[in-house]
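> The sequence and its predicted three-dimensional model are supplied below.
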Amino acid sequence: MIESSVSENHLNDPFNEFGAPMNASREIEALVAGQATQDGAGVRLTRLLSGDLQRRLDPFLMLDAFRSDDPGDYIAGFPEHPHRGFETVTIMLAGRMRHRDSRGNEGLLQAGDVQWMTAGRGILHSEMPEQEDGLMEGFQLWLNLPARDKMCEPGYHDIGAAEIPDLAPAPGVHVRLVAGTLAVDGAASVSGVVQRTGTEPLLMDVRLDAGADWSFSLPAAHNAFLHVYDGEVGVGESGAPAPAGALAVLATRQDMARVRLRAAAPSRALFAAGRPLNEPIAQYGPFVMNTRDELIQAVEDLRAGVLG
C-alpha cells in the first residue's frame with residue numbers, strides 16, 4: 001500500500017506540503033541491470049524483472065528481453081509448458097514465432113505483432129521459432145491476475161501489427177499503444193487493443209526522434225517502469241538518463257501524476273504501468289497464485305492431466 005503524506009488541507013491545492021507541483025513528473029528511482037539467463041529449451045535471454053521487483057512493480061511479475069541473430073541462441077524455442085494464475089504478453093520486434101496451446105489456439109507472431117495470453121485456471125502452450133537464421137528480437141512480460149480472476153477461463157488473443165494504434169502525440173514521438181488508455185494533451189484519450197479493469201495496464205512501445213520531448217498523464221498510484229532498448233532516454237524534469245539495456249524503475253508518489261521523456265538521439269523504449277493489486281504473491285515456476293496451497297493444487301492438477 002502506498003501511503004500518502006498529503007494532508008486533507010492539501011487535497012485541493014495544486015502544490016503539496018513540500019511546495020512541489022502535484023502533477024510533477026516521475027523520476028528514476030533505480031536502474032536495474034538485466035541478468036543473462038536461459039529458459040525454455042536453452043533460449044538465451046536477459047531477465048530484467050523478477051523476484052524482489054515483483055512487489056515493487058506489482059502487478060508486473062517478469063520481463064524478459066531476447067535479441068540475437070545467432071540461431072543457436074533461440075532455435076530450440078519453448079516446447080510445451082504449463083501456466084496458471086497470470087497473463088503473458090509477447091511482443092515481437094523481429095523474427096517469427098509460432099504459438100500453440102492446449103485449447104487448440106495457434107498463431108504465427110511476426111515483427112510488430114503481440115500475443116496476449118490469459119492463463120487463468122490453466123493452459124499448456126509452446127512458442128517455437130519459425131526461422132533457422134536471422135534476427136529474433138522481442139519481449140515477454142508477465143502480468144498478474146487479481147485473486148478473483150486467477151481461476152478464470154483461459155484466453156488467447158493474437159494482435160496483428162496493423163491492429164495496434166500508432167500514435168504521434170508530440171513532435172518526434174511515435175507510440176504503439178498495446179494496452180490501456182493514453183491521455184494525450186489537447187486531444188481525446190486513445191485506447192489500446194487490450195483493456196483490463198483489475199490491473200489497468202498501460203503498455204506501449206515508444207520511439208523518440210532526436211530532440212523529442214514528451215509528457216503524458218499517469219495515475220499517481222500506478223507502478224511504472226521503462227526499458228530502453230535502443231539509445232538513451234532522459235526521464236523526469238531532471239532528465240536523468242535511462243541507458244540502453246537497463247530497466248528504470250520510476251518513483252511512485254502521490255505528487256507525481258505525469259511522465260516526461262526526452263531523447264537527444266533516436267531512441268526506443270518499452271513503457272509499462274499498472275495498478276498494484278497489493279495481494280500476496282506465491283510463485284512456483286510457471287504458476288503464480290496467492291497461497292502455497294494453491295500452488296500445490298496447481299502441481300497436482302498438472303500431474304493429474306487436468307490443467308490445460
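Arrived safely, thanks for sending.
> Tell me who's in contact with M151.
Under the criterion of CB atoms under 8 Å, 6 or more residues apart in numbering, the neighbours of M151 are G85, G120, R121. C-beta here means a position set from N, CA and C on the backbone, and glycine is covered the same way.
> let's go with 6 Å and repeat that
For M151, the contact set (CB atoms under 6 Å, 6 or more residues apart in numbering) comprises R121.
> Then I281?
I281 makes contact with Q54, according to CB under 6 Å, 6+ apart.
> Tell me the spacing between it and R196.
In this view, I281 and R196 are 17 Å apart by CB to CB, to the nearest Å.
> likewise P276?
Per CB to CB, P276 is found 13 Å from R196.
> Give the buried residues for stretch 257-275.
Neighbour-count burial for stretch 257-275 flags 257-263, 267-275 (criterion: 16 or more other CB atoms under 10 Å).
> Can you tell me what sits against it?
23, 25-26, 59, 199-210, 212-218, 220, 222, 224-234, 236, 239.
> So which of those sit within strands?
Counting by DSSP state E, those place 25, 202-208, 213-217, 224-230, 232-234 in strands.
> before we move on, what SS does the spatially closest residue to R56 that is not a sequence neighbour have?
In this structure, R56 finds its nearest non-sequential neighbour in V249, 6.5 Å apart by CB to CB, 6 or more residues apart in numbering. What DSSP: H, G, I helix; E, B strand; the rest coil gives for V249 is strand.
> pLDDT averaged over the longest helix along the chain, what's the number?
In the chain, assigned by DSSP state H, the helix with the most residues is helix 292-303. Helix 292-303 comes out with an average pLDDT of 97.
> which residues sit against it?
P82, R84, A282, Y284, F287, M289, L307.
> What average pLDDT does stretch 198-210 get?
Averaged across stretch 198-210, the pLDDT comes to 98.
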